[in-house]
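Asks: structure for this input, please:
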Amino acid sequence: MKIIEVEQGTEEWLNLRKGKITGSKLKDIVVIRGNSEKDGFYKLLADRLAIDEAYEDPMERGHRLEDDALEMFNTSTRKKAVKSGFWVSEENENMACSPDGVIAKGDKITEAVEIKCLSSGKHLEAWFTKLIPDEYKYQVLQYFIVNENLKTLYFCFYDPRVTVKPFFYLEVYREHKEDEIKYFSDYQKQKLEKINNLLAELTF
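Replies: Numbers count the residues shown, from 1 in each chain. Take a look at the predicted model:
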């Protein structure tokens, strides 16, 4: 064992901890069942790439980087995605979606773009697993639920701090999600009807 004389909490101490499995980080990488890696594993990977992540509100960061990400999408795909307004379902005006970019085919929007500017660890995890994080499952489905003409959603990841792979996207196709789209469309309608009934009771 080596001992490095350094005071805890100092910048030198923080830098020494980067990319190393310490006692407090061990729980974030230990997997009891299965072979998938936990968040801490990809955070260590980001540390090894010398990515310094100063805190920034995730929504503000996403908004700040969104235009750059959309431009990178257009450049890499040679498509012409543009900004769009707020989507409201024709079936129920209380079912809605906020797209980051759209690609129209004639008078119908058949392709859309969702952009995420995540932590570097989450960005790397999505790249290596080729999976959209579970927390965005319903957001993905809502695109297809609200827009019945949508065929493809390009789910984009952008983090300029990861210089070796700052941008990539995963494609989601309606044909692969039909059952879930129908189920969660009906589910929303049922919940909205229940809300309407409760509101009616309050105003009766």
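Asks: quick one, what contacts residue 96?
Replies: 86, 87, 88, 89, 142, 146 (Cβ atoms under 8 Å, 6 or more residues apart in numbering). (Glycine included, C-beta is placed from N, CA and C.)
Asks: tell me the secondary structure for residue 135?
Replies: helix (DSSP: H, G, I helix; E, B strand; the rest coil).
Asks: confidence score at it?
Replies: Note on residue 135: pLDDT of 93.
Asks: what of residue 19?
Replies: Residue 19 is given a pLDDT of 59.
Asks: what does the one 4 residues further on give?
Replies: With respect to pLDDT, residue 23 has a value of 53.
Asks: show me the helices in this protein, by range?
Replies: 11-17, 23-26, 39-48, 58-77, 120-129, 137-146, 178-203 (DSSP state H).
Asks: can you tell me which helix or strand of this structure has the lowest average pLDDT?
Replies: Least confident helix or strand, the chain: helix 23-26 with a mean of 59, by mean pLDDT, DSSP states H and E.
Asks: can you give me the neighbour number for the closest residue to residue 70 other than its chain neighbours?
Replies: Distances taken as Cβ to Cβ, 6 or more residues apart in numbering place residue 101 nearest to residue 70, at 5.1 Å, with adjacent residues excluded. Each residue near residue 101 was counted by other Cβ atoms under 10 Å, and the total is 23.
Asks: residue 44 and residue 125, how far apart?
Replies: 11 Å (Cβ to Cβ, to the nearest Å).
Asks: of all the helices of the chain, which one is nearest residue 105?
Replies: The closest of the helices of the chain to residue 105 is helix 58-77. By Cβ to Cβ, the value is 14.7 Å.
Asks: which residues touch residue 11?
Replies: Residues counted as contacts of residue 11 (Cβ under 8 Å, 6+ apart): none.
Asks: let me redo that: residue 130
Replies: For residue 130, the contact set (Cβ under 8 Å, 6+ apart) comprises residue 170.
Asks: look at residue 44 and residue 125 and report which has more neighbours.
Replies: Neighbour totals were compared for residue 44 and residue 125, and residue 125 leads with 23 against 20 (other Cβ under 10 Å).
Asks: in the lengthiest strand in the chain, what counts as buried?
Replies: In the chain, with assignment by DSSP state E, the single longest strand is strand 108-116. For strand 108-116, burial by neighbour count (16 or more other Cβ atoms under 10 Å) applies to 109, 111, 112, 113, 114, 115, 116.
Asks: got a markdown table for those residues, with pLDDT too?
Replies: Below are the buried residues of strand 108-116 laid out as a markdown table (pLDDT from 0 to 100):
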| residue | pLDDT |
| --- | --- |
| 109 | 95 |
| 111 | 97 |
| 112 | 97 |
| 113 | 97 |
| 114 | 96 |
| 115 | 96 |
| 116 | 95 |
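Asks: in those, find the pair that's most separated.
Replies: Counting by Cβ to Cβ, the most remote pair of these is 109 and 116, 20.0 Å apart.
Asks: ok, back up a step: quickly list what the residue nearest to residue 70 is bridged to.
Replies: Beta-bridge pairing for residue 101 (DSSP bridges): residue 113.
Asks: could you double-check that it sits in contact with residue 115?
Replies: Yes: proximity of residue 101 to residue 115 meets the contact threshold set by Cβ atoms under 8 Å, at 7.3 Å.
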